[in-house]
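Asker: Got a predicted structure plus its sequence, pasted below:
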Amino acid sequence: MPEAMPQAAQRPPAAPDVGIPPDATAAAVRRVADAVRRRVLDYTLKNNGGYLSQACSSAETLATLYLRVMRLGASQAPLVPRPFAGVPGPSNPDAFTGADYNGPQGPALDRFIFSPVHYALVLYSLLIELGRLGPNGLDAFNQDGSTVELIGAEHSPGHEVTAGSLGQALSQAGGIALARRLKGETGRVWVFMSDGEFQEGQTWEAFAALAHHRIGNLGVYIDANAQQCDGAMAEVMTIEPLAERLRAFGADVHEVDGHDSDALAAAADGFGTGDRPLVVIARTDPCRGIELMRKRAPKLHYLRFTSDAERRAYENALNSWVRGD
């Protein structure tokens, strides 16, 4: 395995209201994941719509990455997100990325690249639960001039790159991973993707390049929730058999239950010293924790309330969740 990190750099600071132990357990991940879903549901209600199914499917995967897989230092960013400072360039020294919410860059520390940027609210909510973003970090969510965007960009909390069209983040991550290897760094690069990105040709070109260059310090976790904007992926354009296709492109592939934190974490054990990229296909349920979502199947991509009665049903679900009914 890569060299051991000092204890302070191994785990992010715990948020006092969730009680994350120094070595996070599956139970801690479940508590955080449920809190993330509640927060995303709350903001979906406040904004009369949102990417709610993405929180249902990905909460455990993202929480496991931050709590049990990635070696990150403490956040270097302000608890209240900074306003947009303009695009990067030689004439704008004030431009920044949101990567500092994931800690400092160091040769033995990991880097995190967030690809499906429409999941941004899920990531912001997770950062709040982990104490990396302040409890009021969403006050400027989806407002003009704010970096806490509905569709995340490189300046948004937790984001390092602007992913653009689906699939571009993996290519950028591959370049970062190759550069780190050439510099002799032991830190790994992790990419979070959605399964819809495997309908993109650029994704497969990136995997071909990863195999050619023997990029063994890049790991990918896929939220395989089997749904996309136009409905079920199997009906729009299937990507299966995904595991076999990725193995044919040279990846070390694991398929796991995406709501099982132990399985998600175990897939990354010992990763970082080989010559093949790691892919963890997390098979997930886009309605996990919010059964009301099933009434909308197979169109689950974006929830916009169609009636006062539907909105009240989701409000009742949130209130019941908060009360612990």
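Answerer: Looks like it came in fine. Numbers count the residues shown, from 1 in each chain.
Asker: Going by C-alpha atoms from here, please, whenever you check contacts or count neighbours.
Answerer: Noted.
Asker: which residues touch the residue lying closest to Phe114 once chain neighbours are set aside?
Answerer: Once flanking residues are discounted, Phe114 sits nearest to Phe192: 5.3 Å by Cα to Cα, 6 or more residues apart in numbering. Residues near Phe192 by Cα atoms under 8 Å, 6 or more residues apart in numbering: Leu62, Phe112, Ile113, Phe114, Ser115, Pro116, Val220, Tyr221, Ile222, Asp223.
Asker: if we look at the sheet, which residues does Phe192 bridge to?
Answerer: Beta bridges link Phe192 to Phe114, Tyr221 when assigned by DSSP bridges.
Asker: And the pLDDT for it?
Answerer: Confidence at Phe192, expressed as pLDDT, is 98.
Asker: if I look at it, how far off is Val87?
Answerer: 24 Å (Cα to Cα, to the nearest Å).
Asker: which residues of the stretch 151-300 of the chain score low on pLDDT?
Answerer: Scanning the stretch 151-300 of the chain for pLDDT under 70 picks out 164-167.
Asker: Can you show me the helices along this structure?
Answerer: Taking DSSP state H as the criterion, the chain contains helices spanning 7-10, 26-46, 52-64, 120-129, 168-182, 201-212, 233-236, 242-248, 261-266, 308-323.
Asker: Ok, which of those comes nearest Arg82?
Answerer: Each of those has some distance to Arg82 by Cα to Cα; the shortest is helix 120-129, at 13.6 Å.
Asker: hmm, who's touching the closest one?
Answerer: By Cα under 8 Å, 6+ apart, helix 120-129 touches 15, 18, 32-33, 35-37, 39-40, 51, 54-55, 59, 62-63, 101, 133-135, 137-138, 148-152, 157-158.
Asker: make it 7 Å
Answerer: With Cα atoms under 7 Å, 6 or more residues apart in numbering as the test, helix 120-129 has contacts from 15, 32, 36, 39-40, 55, 63, 133-135, 150-152, 157.
Asker: can you tell me which two in those are farthest apart?
Answerer: It's Ala15 and Ile151 that sit farthest apart of the contacts of helix 120-129, by Cα to Cα, at 25.2 Å.
Asker: and Phe96, how many neighbours?
Answerer: As a burial measure, Phe96 scores 18 neighbours (other Cα atoms under 10 Å).
Asker: Please name the residues that touch Glu154.
Answerer: Going by Cα under 7 Å, 6+ apart, Glu154 touches Thr97, Gly98, Glu160, Val161, Thr162.
Asker: how about 6 Å then?
Answerer: Thr97, Glu160, Val161, Thr162 (Cα atoms under 6 Å, 6 or more residues apart in numbering).
Asker: What separation do you get for it and Ala208?
Answerer: For Glu154, the distance to Ala208 equals 25 Å [Cα to Cα].
Asker: got it, and Ala268?
Answerer: On the measure of Cα to Cα, Ala268 and Ala208 end up 21 Å apart.
Asker: Neighbour count for these two, which is higher?
Answerer: Using other Cα under 10 Å as the criterion, Ala268 and Ala208 rank with Ala268 on top: 20 against 17.
Asker: on that earlier part again, dump the helices of the chain into CSV; add distance to Arg82 as well.
Answerer: Putting these into CSV (distance: least, Cα to Cα, whole Å) gives the following:
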stretch, distance to Arg82
helix 7-10, 24
helix 26-46, 20
helix 52-64, 23
helix 120-129, 14
helix 168-182, 23
helix 201-212, 32
helix 233-236, 37
helix 242-248, 39
helix 261-266, 32
helix 308-323, 29
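Asker: now the end-to-end length of stretch 227-236.
Answerer: 9 Å.
Asker: buried stuff in that stretch?
Answerer: Gln227, Gln228, Ala232, Met233 (16 or more other Cα atoms under 10 Å).
Asker: give me the number of residues near the closest residue to Arg38 other than its chain neighbours?
Answerer: Excluding the flanking residues, the one nearest Arg38 by Cα to Cα, 6+ apart is Leu318, at 6.8 Å. Per other Cα under 10 Å, the neighbour tally for Leu318 reads 19.
Asker: quick revisit: quick one: which of the helices of the chain is nearest Glu255?
Answerer: Nearest of the helices of the chain (Cα to Cα): helix 242-248, 7.4 Å.
Asker: Mind exporting the C-alpha coordinates of that closest one to CSV?
Answerer: What follows is helix 242-248, C-alpha atoms only, in CSV (Å, rounded to 0.1, in the frame of the first residue of the first chain):
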residue,chain,number,x,y,z
LEU,A,242,-20.7,-2.7,-18.1
ALA,A,243,-18.3,-4.8,-15.9
GLU,A,244,-17.2,-7.0,-18.8
ARG,A,245,-16.8,-4.0,-21.1
LEU,A,246,-14.6,-2.2,-18.6
ARG,A,247,-12.5,-5.3,-18.0
ALA,A,248,-12.0,-5.5,-21.8
